[in-house]
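**Student:** got a predicted structure plus its sequence, pasted below:
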Amino acid sequence: MKNEGEGIKDFFGYLPYKSVMKFNGGMISPIQEFDEVVAWVDKYTNLDGFLYPPIERRVKGDFDSEKSYKEIPNSERPALLHRIPASHELHLYVVKDSKDVRKSYGSFIIHLLAYLFGVRLQFHDWWFDGRVPTKSTHNVHFNEKTVENFLSHCFMMWDSWPLEKQKLMTNVLYMHSRSPSYEWDWEQFMIEYIVLDGCWNLAKLKHKFKVKHKDRMHILCQQFGIPENKILIDNIVNLRNDLFHETLWDKSQPCTGTDGPGFASSFHLRRFNQRLIPAVLGYNTDYIKTGWWYMGTFSFK
């Protein structure tokens, strides 16, 4: 796969990274107005590191004149969908036809970046729903060379897969990047378990595993060299079974506080998935072999 030819270009955001990223198949570069976009995002980002939907209002009247329409009383609400300014340009050299590229090559690349940088990304004229993290939710550090190596490897690996497997991997990345946008621990846990199941199916397609559900995380640990923690894995599996089959969260009702393993398990599961994703993509990094129950920052190289 060579970086040559016209290819196609598109824009996306918001990614807080100013360096150009070249990979085997394309290039990603900040737009000329990058600093202005950063200033806009910083202005509207909440102290908790999330950008929230703006308040919207319904109006009625003649839209050809600003003076002839009025707001409808009691119609204020947080917008369901909102946009964030684009920060980067994506140039794919290997794609000649722009038809549905956003649902294939383009989507995979931007959601792969979202995984690595711990943010959510979307094409410039598509929409976000809910709150969007503008600060990293992935506790790793890396250099520019690692970013380019990671993109090149994963892009070539993904491009070699059949269409069904490509879609599954892209959806795994998309749902993983959405997880922090949910505010309750049980919601984040549920989404991350969906991600785990997706990764299992990707691994199963390749390795043909046939085991009981409760043993899946153990098998994944053994297969990919992810450290095992039997107590935490058992907690995660039990929480999943109670939530999915009994509508119980940590032996209680969802959206209530508990003193059990529920709150921490949502973060443990996310950190487990953060190691599982590069493993499934066949990317060789020692990060996969680090303990996912620790909260510190790790090297990704």
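**Tutor:** All right, it came through fine. Residues are numbered from 1 along each chain as shown.
**Student:** now do the helices in this protein.
**Tutor:** With DSSP state H, the ranges of helices along the chain come out as 34-44, 105-117, 144-159, 163-178, 185-207, 216-224, 230-246, 262-280.
**Student:** could you export those helices as a markdown table, including mean neighbour count, distance to Asn24 and mean pLDDT?
**Tutor:** (Each C-beta comes from the backbone N, C-alpha and C, glycine too.) Listed next are the helices of the chain as a markdown table, based on neighbours: other Cβ atoms under 10 Å; distance: least, Cβ to Cβ, whole Å; pLDDT from 0 to 100:
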| stretch | mean neighbour count | distance to Asn24 | mean pLDDT |
| --- | --- | --- | --- |
| helix 34-44 | 14 | 24 | 98 |
| helix 105-117 | 23 | 12 | 97 |
| helix 144-159 | 18 | 4 | 97 |
| helix 163-178 | 19 | 17 | 97 |
| helix 185-207 | 19 | 22 | 93 |
| helix 216-224 | 18 | 24 | 95 |
| helix 230-246 | 16 | 36 | 97 |
| helix 262-280 | 22 | 17 | 97 |
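**Student:** of those, which approaches Arg77 most closely?
**Tutor:** For Arg77, the closest of the helices of the chain is helix 34-44, at 17.8 Å, according to Cβ to Cβ.
**Student:** what's in contact with the closest one?
**Tutor:** For helix 34-44, contacts defined as Cβ atoms under 8 Å, 6 or more residues apart in numbering pick out 13-14, 16, 18, 31, 51, 84-88, 134.
**Student:** if we can go back for a sec, which among the helices of the chain is found nearest to Ala79?
**Tutor:** Ala79 lies closest to helix 34-44 among the helices of the chain, at 12.9 Å (Cβ to Cβ).
**Student:** hang on, Pro54 packs against Arg83?
**Tutor:** No - Pro54 is not in contact with Arg83 according to Cβ atoms under 8 Å; the separation is 9.8 Å.
**Student:** of those two, who's got more company?
**Tutor:** Arg83 (15 against 10; other Cβ atoms under 10 Å).
**Student:** so which residue is dead centre in this structure?
**Tutor:** For the chain, the residue nearest the mean C-alpha position is Ser177 (1.8 Å; Cα atoms, centre = their mean).
**Student:** distance check, that residue against Asn238.
**Tutor:** Here the criterion is Cβ to Cβ, to the nearest Å. By it, Ser177 lies 27 Å from Asn238.
**Student:** still on that earlier bit, with distance to Ala264 added, can I get the contacts of helix 34-44 in a markdown table?
**Tutor:** Formatted as a markdown table, the contacts of helix 34-44 follow (distance: Cβ to Cβ, whole Å):
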| residue | distance to Ala264 |
| --- | --- |
| Gly13 | 32 |
| Tyr14 | 29 |
| Pro16 | 27 |
| Lys18 | 35 |
| Ile31 | 39 |
| Leu51 | 26 |
| Ile84 | 30 |
| Pro85 | 35 |
| Ala86 | 36 |
| Ser87 | 33 |
| His88 | 34 |
| Thr134 | 25 |
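**Student:** centre of the chain to stretch 172-181, how far?
**Tutor:** On the basis of Cα atoms, centre = their mean, to the nearest Å, stretch 172-181 sits 4 Å off its chain's mean C-alpha point.
**Student:** what sits up against it?
**Tutor:** By Cβ under 8 Å, 6+ apart, the surrounding residues in contact with stretch 172-181 are 50, 107-108, 111-112, 114-115, 119-121, 129-133, 137, 188, 191-192, 194-195, 198-199, 202, 270, 273-274, 277.
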